[in-house]
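In: Below is the sequence, then the predicted model.
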Amino acid sequence: MSLERINIGKEININFIESDKFKTNFIEINIISRLESELKASKNALLVKVLKRGSANFPTMADINKRQNELYAAKIGVWADKIGEAQILIFSAEMLENKYSLDDINIADETIDLLGDIFINPLIEDNKFKNDYVEGEKTNLIDDIHAQINNKNAYVYRKCIETMCKNERFAINNLGSVECVQKINNKNLYEHYEYILSSCVIEIFCVGKFSEKKQSITEKFKNLLKNIKRENIEIYDTDVILKSDYKGETIEEIEVNQGKLAIGFRMGTSNKNKDFAKFVLFDAVYALTPTGKLFMNVREKLSLCYYCRTIVESAKGIITVLCGIENENKQKATDEILRLLEEMKNGDFTDKDIESAQLSVINSYKEVFDNAGSIVYWYLRRLMSGNIKSPEDMIEEIKKVTRGDIIESAKNLSLDTIYFLQGNLLNSEESGEN
Amino acid sequence: MIKTVANKKIDEKYYYFKHESGLDIYVIPKNHTTSYALFGTKYGSVDSIFKTDGETEFTVVPDGIAHFLEHKLFDNENGINADQLFADTGAYSNAYTYYDKTCYLFSCADNFDASLEILLDFVTHPYFTEESVQKEQGIIGQEIRMYDDNPGWQVYFQLMANMYEKHSVRLDIAGTIESISNITAGILYKCYNTFYNLNNMMLCVAGNVTAEQVEKVADKVLKNADIINIERYKYDEPANVRKNITEKKLKVSRPLFNIGLKDVETGIYANELAKKAVEIDILNDMLFSRSSDFYTRLYSEGKINNKFGAGSEIETEYGHLIYSGESDNPEKVMGEIIKEFENKIKNGLDREEFERCKKVSYASSITLFDSAENIANAFITCMFRGYNIFDLPEIIGSVKFEDIEKRLNKVFKKENFIISIINPIE
């Protein structure tokens, strides 16, 4: 699976990945914004919401959605994501191949036009966004920020990261903060939009059967972006802290049934490193697979939890172990998770564990080819790390990882922070009945 | 004898054969890198009262047992569980339990034959002991506790518990900590021997494989099963909902709601069921999707946000439409939904909107074929309902504007609405 990269402007590239596996074509525009303040994060999060409300040619949400339906349910997604210390403003479109059209509509062309309209041709009044839309979406964004408490697994993870990275940009919430959202208006948001267009790296991906259409799609995007002045392009690097001292344990009491444990470590590496495959395989033996140490022991042997897994922030160099347990098992689970890491450092795992982990990781890399979204996810992250590798390249590297490499990766980990959500909800406090 | 069925309009084909063991096997070839296999039994959380040939009394088993059985089937007599066996092939494996089915699956890029052998073998060889049952009670207990804290899950099962009076679809799929404490190895064997009969099961494989390859592995592993006739208890479910409002409190930022409309028409099966489900999807899209007047109005008034969505579950024995979201005043949203139904019944539906929403259904019946996982899951789901996903584009094509008008009048019953709310803990 090769990537053909065409430069169409200052730090603007189109990446074509040819694939004949799908009945759809997939296009994604990624604007990469440096994560640096809560206000900027809030502006980015709000901007994507406002752009989705209406464009110059499709001024209401209903107009946009009716158009999508006419185009055979063209799936348009507009949202902001966080990768390392960067925020990505994503505009994606998945469209049915033209040959399945039952009328004369050219689905691909028209969908790209719709996506382009949302992205580059917003609804503007007097050099400002439409005030109703901005104010309405501010309310929705504030709701979203408050609603982050609803998902307790994501909440404990976020709190652990915030505690761990207190003075680092990575601690900035992808949605910013309520106070910052309140500072935004239709004028300063439009100025921010103009800034983003002129100053951020833009990576466009096209996955599907594009062979004969590459030229015309490239021209289409060139044309869309021709009026933008590109200047002072932002650098979106991520600061990686390789080692840290243990900062301690925080316990937060909260009205939930199950206690939630998060244990954050610095990885001692990141995906910028050429030999990142070593860490990937360590994670696979320790945590990633159902035969990994965490699953086999914390769940299967001790029956302490239903899930015990890791989240890896490969750009930032942080790995966090998460599990849901009874409050009283907190110490038991923590001790076991740390003990199993010691086993990894001591090389207390079998050659079969290594082989299984290799097979499992290779299998997951091969699966990337079968989903257009996964292909873009793969390449965007690797482009950003400056370490562009195809799944095939990584498979070759995974095969070469040795026992010594895994032990070394385990030894590179340093425990940073433990965060525990202690459930204090008694069943009697729940009102209502089933 | 392997049968080939092709649908030229969607450029897809599948192979079907009934294996001599009694198992129905479907293979859908795809030029993907990985292959996906799904081995399912027509047995889920709703099947908690049943009897087989020769039995005079119904057996009643603890709630949550189908899901418990799913977990325990990964154990093998030699102490090596199925996950460990799959570790030798590199396949990703998993399983899930739903109301009407339990499915075991793997996906793999290499070593397909060996992985299929593991799948067919572990699902057809149960090994339960009292000790391993006890160990699992701890694990599933934590799974249930996890769902106790999941507001999206709670708001839905609270709705189901109060929309239905008698039917077992009203019960949480995982059961409760109390109900699973009554599970023993003996009851697990009873359920297994009843429902994990190859005549009650189906294998579906999508990906870079041939039917011959699958047949060869099936020949090696599967033994002929005697046909068992299973009688499932028929619930005398009343047409009305159990209550119209149900609430509880959890740690959430603002009220979450699920609004249900119970569908009183039951007994529909096969292609008619497929057409009915499509009609309801199109109707929901026309009235409540993001392109609708309803959505635009309530969204701009701040009564709903982008989490609002409409859906449905339409089965032979039961059916309902569901509207979910967040709102400071969920009951007002229910009032607006009812008003919108009444408005459309009185003033009529929009033909152009119908054409657009029909395109949405048509497109989803084609894009489904982009993923081996989606193909296999949809295939089994639909086959258990008596129809074939290859017929869906045609079934969707046959839906007329007048069908939607009729469906609107038939499905709407003001008294059959129910709202489930999760309120924030103050």
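Out: Sure thing, it's come through.
In: and residue 215, how many neighbours does it have?
Out: With no chain named, the answer covers chain A. 10 (other CB atoms under 10 Å in any protein chain shown). Any C-beta I mention is one placed from the backbone N, CA and C, and that applies to glycine too.
In: To clarify, I was referring to chain B.
Out: B:Glu215, neighbours per other CB under 10 Å, totals 17.
In: what does B:Gly64 give?
Out: For B:Gly64, using other CB under 10 Å, the count is 25.
In: Find the nearest non-adjacent residue to it, please.
Out: Residue nearest to B:Gly64 in three dimensions, not counting chain neighbours: B:Gly175, with 1.8 Å by CB to CB, 6 or more residues apart in numbering or on different chains.
In: hang on, the one you found packs against B:Phe68?
Out: Yes - with contact defined as CB atoms under 8 Å, B:Gly175 reaches B:Phe68; the gap is 7.3 Å.
In: Compare those two (neighbour count), which wins?
Out: B:Phe68 (26 against 23).
In: which ones are touching that one?
Out: B:133, B:136, B:140, B:175, B:180, B:183, B:188 (CB atoms under 8 Å, 6 or more residues apart in numbering or on different chains).
In: go on, A:Asp237?
Out: A:Asp237 touches A:34, A:85, counting by CB under 8 Å, 6+ apart.
In: Ok, B:His320 next?
Out: B:163, B:260-263, B:312-313.
In: quick revisit: which of the contacts of B:Phe68 fall in helices?
Out: B:133, B:136, B:140, B:180, B:188 (DSSP state H).
In: can you tell me which two in those are farthest apart?
Out: B:Ile140 and B:Leu188 (12.7 Å; CB to CB).
In: circling back to that earlier point, what about the residue nearest to B:Gly64, distance to A:Asp104?
Out: 54 Å (CB to CB, to the nearest Å).
In: and if you look at B:Leu203?
Out: 42 Å.
In: Once you drop chain neighbours, what's closest to the closest residue to chain B within the stretch 201-350 of chain A?
Out: Going by CB to the nearest CB, chain B is nearest to A:Ser303 of the stretch 201-350 of chain A, at 3.3 Å. Nearest in space to A:Ser303, with sequence neighbours left out and distances taken as CB to CB, 6+ apart, is B:Gly138 at 3.3 Å.
In: quick one on the thing from earlier: with neighbour count as added columns, please give the contacts of B:His320 in TSV.
Out: Formatted as TSV, the contacts of B:His320 follow (neighbours: other CB atoms under 10 Å in any protein chain shown):
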residue	neighbour count
B:Met163	27
B:Gly260	26
B:Leu261	24
B:Lys262	22
B:Asp263	22
B:Ser312	20
B:Glu313	16
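In: now, which of the residues you listed sits nearest chain A?
Out: Of these, the one sitting nearest to chain A (CB to the nearest CB) turns out to be B:Met163, at 11.8 Å.
In: so the closest one touches B:Asn240, yeah?
Out: No - the criterion here is CB under 8 Å, and B:Met163 misses it with B:Asn240 at 9.7 Å.
In: Find residues that contact each of those two.
Out: B:Lys262.
In: all strands for the stretch 201-350 of chain A, in order.
Out: With strands called from DSSP state E, counting those that start in this stretch, the stretch 201-350 of chain A shows them at A:201-208, A:249-254, A:259-266, A:308-313, A:318-325.
In: Tell me which strands the second one pairs with, and in which orientation.
Out: Sheet pairing for strand A:249-254, assigned by DSSP bridges, gives strand A:414-423 (parallel).
In: Off-centre distance for the partner strand?
Out: 22 Å (CA atoms, centre = their mean, to the nearest Å).
In: for stretch A:248-265, same thing?
Out: The answer for stretch A:248-265 is 23 Å, by CA atoms, centre = their mean.
In: Go through that stretch and flag the buried ones.
Out: Counting neighbours by 16 or more other CB atoms under 10 Å in any protein chain shown, one finds that the buried residues in stretch A:248-265 are A:254-265.
In: Looking at the residues you listed, which one is closest to A:Val298?
Out: A:Leu261 (10.1 Å).
In: Now the closest residue to B:Leu392 other than its chain neighbours: phi and psi?
Out: Nearest non-adjacent residue to B:Leu392, counting by CB to CB, 6+ apart: B:Ser365, 4.1 Å away. Per-residue torsions, B:Ser365: phi -70, psi -20 (degrees, to the nearest 10).
In: before we move on, the earlier item: what about the residue of the stretch 201-350 of chain A closest to chain B, how many residues nearby?
Out: Count around A:Ser303 with other CB under 10 Å applied: 18.
In: same question, the one 10 residues further on
Out: Residues near A:Glu313, counting by other CB under 10 Å, number 21.
In: Bridge partners for it, pull those for me.
Out: Applying DSSP bridges, one finds that A:Glu313 bridges with A:Ile318.
In: Please list all residues in contact with it.
Out: A:84, A:161, A:170, A:319-320.
In: Over to B:Asn150?
Out: Per CB under 8 Å, 6+ apart, neighbours of B:Asn150: A:151-152.
In: Please report phi then psi for it.
Out: phi -100, psi 100.
In: ok, and the most crowded of the contacts of B:Phe68?
Out: Ranking the contacts of B:Phe68 using other CB under 10 Å puts B:Ile183 first, with 25 neighbours.
In: element containing residue 118?
Out: By default, I'm working from chain A. If you go by DSSP states H and E, A:Ile118 is part of helix A:107-120.
In: That was the other one, I meant chain B.
Out: Going by DSSP H and E, B:Ile118 is in helix B:112-123.
In: what mean pLDDT would you report for that helix?
Out: In this model, helix B:112-123 carries a mean pLDDT of 98.
In: Counting by contacts, list what it packs against.
Out: strand B:35-41, helix B:82-86, strand B:102-108, strand B:201-207, helix B:211-221 (3 or more CB pairs under 8 Å, 6 or more residues apart in numbering or on different chains; DSSP states H and E).
In: Where does pLDDT dip in chain A?
Out: Within chain A, the stretches with pLDDT under 70 are A:1, A:426-434.
In: where does the stretch 51-200 of chain A come near chain B, residue by residue?
Out: A:60-62, A:65-66, A:68-70, A:72-73, A:94, A:96, A:100, A:102, A:132, A:136, A:139-140, A:143, A:146-152 (CB under 8 Å from any CB of the partner chain).
In: Filter these down to just the ones in helices.
Out: Those of those lying in helices (DSSP H): A:61-62, A:65-66, A:68-70, A:132, A:136, A:139-140, A:143, A:146, A:152.
In: Serialize the residues you listed to JSON lines and add fields for neighbour count and distance to B:Asp219.
Out: Listed next are these as JSON lines, based on neighbours: other CB atoms under 10 Å in any protein chain shown; distance: CB to CB, whole Å:
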{"residue": "A:Met61", "neighbour count": "19", "distance to B:Asp219": "56"}
{"residue": "A:Ala62", "neighbour count": "21", "distance to B:Asp219": "56"}
{"residue": "A:Asn65", "neighbour count": "22", "distance to B:Asp219": "51"}
{"residue": "A:Lys66", "neighbour count": "20", "distance to B:Asp219": "53"}
{"residue": "A:Gln68", "neighbour count": "24", "distance to B:Asp219": "48"}
{"residue": "A:Asn69", "neighbour count": "22", "distance to B:Asp219": "48"}
{"residue": "A:Glu70", "neighbour count": "20", "distance to B:Asp219": "50"}
{"residue": "A:Asp132", "neighbour count": "13", "distance to B:Asp219": "67"}
{"residue": "A:Gly136", "neighbour count": "19", "distance to B:Asp219": "62"}
{"residue": "A:Thr139", "neighbour count": "12", "distance to B:Asp219": "63"}
{"residue": "A:Asn140", "neighbour count": "18", "distance to B:Asp219": "58"}
{"residue": "A:Asp143", "neighbour count": "18", "distance to B:Asp219": "58"}
{"residue": "A:His146", "neighbour count": "14", "distance to B:Asp219": "58"}
{"residue": "A:Lys152", "neighbour count": "23", "distance to B:Asp219": "48"}
